[in-house]
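**Student:** Below are the sequence and a predicted model; questions follow.
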Amino acid sequence: MTFLDLIDLITLTCLISVTGTLLVQRLGRYAKGQWERRLPPRYLKPCGVRRRAPVSASSRATDESI
């Protein structure tokens, strides 16, 4: 096996690996979309960070008087 054959083999292996990874990711996204489409809305809760409600001025005034 010559050096150029080895480089060709490495290039081909890399291309197949990248293509396979992209294909698996796309299939995973497709399957997730199909799964979420079939679930009722109560199971589709957002997974983000919950933010606290802003403090009103009346509750701030009572905290400062203590």
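**Tutor:** Arrived safely, thanks for sending.
**Student:** need the helix or strand of this protein with the lowest average pLDDT.
**Tutor:** helix 57-64 (a mean of 58; mean pLDDT, DSSP states H and E).
**Student:** measure V24 to M1 for me?
**Tutor:** Look at V24 and M1: by Cβ to Cβ, to the nearest Å, they are 30 Å apart. The C-beta positions use only the backbone N, C-alpha and C, and glycine is treated the same way.
**Student:** Sketch out the helices for the protein, chain order is fine.
**Tutor:** Remark: helices assigned in the chain by DSSP state H are 3-38, 57-64.
**Student:** Tabulate those helices (CSV), appending mean neighbour count.
**Tutor:** Listed next are those as CSV, based on neighbours: other Cβ atoms under 10 Å:
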stretch, mean neighbour count
helix 3-38, 10
helix 57-64, 8
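**Student:** Can you name the residues that contact G20?
**Tutor:** By Cβ atoms under 8 Å, 6 or more residues apart in numbering, the contact list for G20 is empty.
**Student:** Please tell me how far it sits from T13.
**Tutor:** Applying Cβ to Cβ, the value for G20 to T13 is 11 Å.
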